[in-house]
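Novice: Structure for the following, please:
(chains A and B, ligands or ions: 1)
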Amino acid sequence: MNIFVLLKQTFDTEEKIVIENGKISDDGVKYVMNPYDEYAVEEALLQRDQHGGKITVVGVGPDRTAEALRTALAMGADEAVLINHDGAEADEYTISRLLAAYLGQQSYDLILGGNFSVDSGGGQVAVRVARLLDIPHTSSITKLTINGQQAMVQRDAEGDTETLEVALPAVFTAQQGLNEPRYPSLPGIMKAKKKPFQQLASSELGLNGSDTEAKTTRVSLSLPPQRQAGRILQGDYAQQAVELVHLLRTEAKLI
Amino acid sequence: MGKTYVVVAEVRGGSLRQVTLEALQAVSIAKEDGDVTTAVLIGSQITPLAAELANVVDGQVYSIDHPELEVYNPEAYLNVMKQVFEHVAPDVVVLGHTALGRDLAPALAAHLGAGQISDVTAIDKQDGDVLFTRPLYAGKAFEQKRFNGGPQVVTIRPNNVEPAAAVSSPAEIIELDYAPSGSLRSIVKDIVRKTSGKVDLTEAKIVVSGGRGVKSAEGFKPLEELADVLHGAVGASRAACDAGYCDYSMQIGQTGKVVTPEIYIACGISGAIQHLAGMSQSRVIIAINKDPEAPIFKVADYGIVGDLFEVVPLLTQEFRKVLV
Ligand SMILES: Cc1cc2nc3c(=O)[nH]c(=O)nc-3n(C[C@H](O)[C@H](O)[C@H](O)COP(=O)(O)OP(=O)(O)OC[C@H]3O[C@@H](n4cnc5c(N)ncnc54)[C@H](O)[C@@H]3O)c2cc1C
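Specialist: Numbering: from 1, shown residues only, chains lettered A, B, ... in the order given. Next up, the predicted model:
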């Protein structure tokens, strides 16, 4: 089975966001694999263990994206491909065109991605790729069972669980609960260094600049208004309960 | 020629979803004179809903009613939309940022070769440009975006835009036949509804959330009672989900849902940065925590230092008194 995992590098979720000169500063910021993509990599490993085959992780981004791809190799993926693209002018349209151009030249049975990325949170790329490749997709899956060329998936739809039968090849995006991602082991990290790692430019994918021109542009950035610590209520619990309800009525006017 | 806005309406539990009205309102903010609004309603036995929808749409309502469309299937719904696009060429397609919208919107965008701006919380017009505000890093920052051209796809986050009001002359309803395609590559086999009859977390005006401090699945009971009295929904921290006290679909935060209710009540939640990312835009935050040093108190409007198992039932009692 040929498995591809779409992978994005994001800020560590611990990072505070700082805006400098109209941009989000990445000064001293720690980058990680997008947390949802970890579930996708783990699922690829589990499926390969069961059905055999090869896992290729594919990322689009600047050079540093290689770190997240290497983490996936250290977890156990077989090969990595970095499509070099400086993120500044890219949007989900651009990224999905690049990925689909690459995948269109490959033979694939299963394509996995994260449910969304925790930085830009667009949740578009994997589904767009499925459409561009004209294969079915199911987003936000919490279970995957493959039987021949047929997959059974469970999907989380706002708390409801939907079960679908999907013909492979297909694209699935991983939701929490799908599995428990492993940590890269030390031998895994050593082995990762020797695994095939390909770098590609968009021109090598048969695309020129205008094919991948972003359809959207950021005009401004801002931080949310700082919240002030409010009031700690006093008295016994019963008094506090009365006061809280009173404040919600009179001060906040919400009840 | 004006622009054509196409709003994909959504049905849940036999009613139109509130977010559909919000999406229609988003369109009326963006719209210029001469632009037209078309709403698309897809489902099974939806005739009364089409009439209801027509009251808030000033253009047309396309209604596609078929038993096979009762539940969302990505391929079937995409096929229906392709059929609609043969009748109306969309300039802008607007959906709710819901389980359905998040799945269908990028498929439509790819089909149309369109840009998409997801999870929009506000719409403004500036020098003839329409600007869309959306969160980054789950609300640790916000960006304003615009489209470079058309066509365009937008998803609207529930609970952030006012719902649309009734129009003076209701839209014309156009029924389209659905041609079932025998060759769907994905089929919905089963749906287990865990949330039927409950208020949807992302649309709830009041959210009562539990963290590791609730200590067990059982520990969520008092929170559920409080949420019921307030007609709210129950959410959770990741630690509570990880510990198996509740389903991941309840998780709020950077890798969970982002909620913006009027009142957020955090019970036994410490206030980690990843959790704050998902709820700190709530209008009023109330924290109940044993530990006076818990970081959640730094963002809470009102704090109660104490044991949630004693405080929450007292609150429920008190709300019950004033809400009758
Ligand atoms: C990649 C990544 C992504 C993450 N994404 C998210 C996310 O989306 N959402 C999220 O929530 N977290 C997320 N986290 C986890 C986050 O870092 C915290 O671990 C988590 O939010 C802690 O949950 P908690 O506050 O319930 O638990 P704890 O931090 O353990 O806090 C429990 C609190 O309960 C209080 N308490 C205990 N008993 C009682 C009682 N009887 N009455 C009152 N108070 C009591 C304690 O004083 C304590 O403050 C993420 C972490 C990582 C690494």
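
Novice: and B:Val8, what are its phi and psi?
Specialist: The main-chain torsion angles of B:Val8 are listed as degrees, to the nearest 10 and equal phi -90, psi 110.

Novice: Around the closest residue to B:Pro90 other than its chain neighbours, how many other residues sit close by?
Specialist: Taking CB to CB, 6 or more residues apart in numbering or on different chains as the measure, B:Pro90 lies nearest to B:Val6, with 4.2 Å between them; neighbours along the chain are not counted. Every C-beta, even on glycine, is put in place using the N, C-alpha and C of the backbone. Residues within reach of B:Val6, counting by other CB atoms under 10 Å in any protein chain shown, total 27.

Novice: do the same with B:Asn73
Specialist: 20.

Novice: And the pLDDT at it?
Specialist: B:Asn73 carries a pLDDT score of 95 in this model.

Novice: Can you tell me who the closest residue in space to it that isn't next to it in sequence pairs with across the strands?
Specialist: The shortest distance from B:Asn73 to any residue that is not its chain neighbour, by CB to CB, 6+ apart, is 5.4 Å, and that residue is B:Val188. Going by DSSP bridges, B:Val188 is paired in beta bridges with A:Leu164.

Novice: my guess is B:Val188 contacts A:Glu162, does it?
Specialist: Yes. Under the contact definition of CB atoms under 8 Å, B:Val188 touches A:Glu162, with a separation of 5.9 Å.

Novice: Compare the two and say which one has the larger neighbour count.
Specialist: For B:Val188 against A:Glu162, the residue with the higher neighbour count under other CB under 10 Å is A:Glu162, and the figures read 23 against 19.

Novice: Now do residue 129, the pLDDT please.
Specialist: Since no chain was named, I'll use chain A. 98.

Novice: looking at chain B here, not the other one
Specialist: Here, the pLDDT recorded for B:Asp129 equals 91.

Novice: Not counting its neighbours along the chain, what's nearest it?
Specialist: What sits nearest to B:Asp129 in space, not counting adjacent residues and going by CB to CB, 6+ apart, is B:Arg146, at 5.3 Å.

Novice: for chain B, which residue is closest to the average position?
Specialist: B:Pro158 (3.5 Å; CA atoms, centre = their mean).

Novice: where's B:Gln25 relative to A:Glu20, distance?
Specialist: Counting by CB to CB, to the nearest Å, the separation of B:Gln25 from A:Glu20 is 35 Å.

Novice: Those two: who's more crowded?
Specialist: Comparing B:Gln25 with A:Glu20 by neighbour count (other CB under 10 Å), the higher total belongs to B:Gln25, at 18 against 10.

Novice: Surely that one forms part of a helix?
Specialist: Yes. For B:Gln25, which was evaluated using DSSP: H, G, I helix; E, B strand; the rest coil, the result is membership in a helix.

Novice: can you tell me which residues contact it?
Specialist: With contacts defined as CB atoms under 8 Å, 6 or more residues apart in numbering or on different chains, B:Gln25 is in contact with B:Val161, B:Glu162, B:Pro163, B:Ala164.

Novice: now, which of those residues sits nearest chain A?
Specialist: Comparing these against chain A with CB to the nearest CB places B:Glu162 closest, at 16.5 Å.

Novice: Burial check on residue 122, number of neighbours?
Specialist: Going with chain A. Applying other CB under 10 Å, we find 23 other residues in the vicinity of A:Gly122.

Novice: wrong chain, I was asking about chain B
Specialist: When counting by other CB under 10 Å, one arrives at 16 neighbours for B:Ala122.

Novice: Over to B:Glu68?
Specialist: Taking other CB under 10 Å as the neighbour definition, B:Glu68 ends up with a count of 13.

Novice: just B:Ile252 next, same as before
Specialist: 31.

Novice: picking that back up, quick one: common contacting residues for B:Val188 and A:Glu162?
Specialist: B:Val71.

Novice: Run through who's touching stretch B:223-235.
Specialist: In this structure, residues lying in contact with stretch B:223-235 by CB under 8 Å, 6+ apart are B:198-201, B:204-210, B:214, B:220, B:246, B:250-252, B:257, B:259, B:261, B:263, B:265, B:267, B:279, B:312-313, B:315-316, B:319-320, B:323.

Novice: Count the residues that sit near residue 53.
Specialist: Going with chain A. Number of residues near A:Gly53 (other CB under 10 Å) recorded here: 15.

Novice: let's do chain B instead
Specialist: For B:Leu53, the number of neighbouring residues by other CB under 10 Å comes to 25.

Novice: same question, B:Tyr178
Specialist: Residues lying near B:Tyr178 (other CB under 10 Å) number 18.

Novice: for the residue of the stretch 1-150 of chain B found nearest chain A, what are its contacts?
Specialist: The nearest approach of the stretch 1-150 of chain B to chain A comes at B:Gly115, 2.6 Å away (CB to the nearest CB). Under the criterion of CB under 8 Å, 6+ apart, the neighbours of B:Gly115 are A:Asp91, A:Tyr93, A:Ala214, A:Lys215, A:Thr216, B:Ala109, B:Phe147, B:Asn148, B:Gly149, B:Gln152, B:Val153.

Novice: quick one on the thing from earlier: could you pull up the residues touching the residue nearest to B:Asn73?
Specialist: Counting by CB under 8 Å, 6+ apart, B:Val188 makes contact with A:Glu162, A:Thr163, A:Leu164, B:Val71, B:Tyr72, B:Asn73.

Novice: Now the two most distant members of those.
Specialist: In these, two members sit farther apart than any others by CB to CB. They are A:Thr163 and B:Tyr72, at 13.2 Å.

Novice: which helices and strands does the helix or strand hosting B:Pro106 pack with?
Specialist: Using DSSP states H and E, the secondary-structure element containing B:Pro106 is helix B:99-112. Counting contacts by 3 or more CB pairs under 8 Å, 6 or more residues apart in numbering or on different chains; DSSP states H and E, the secondary-structure elements packed against helix B:99-112 are helix A:92-103, helix A:125-133, strand A:137-147, strand A:150-157, helix B:74-87, strand B:92-96, strand B:115-120, strand B:152-156.
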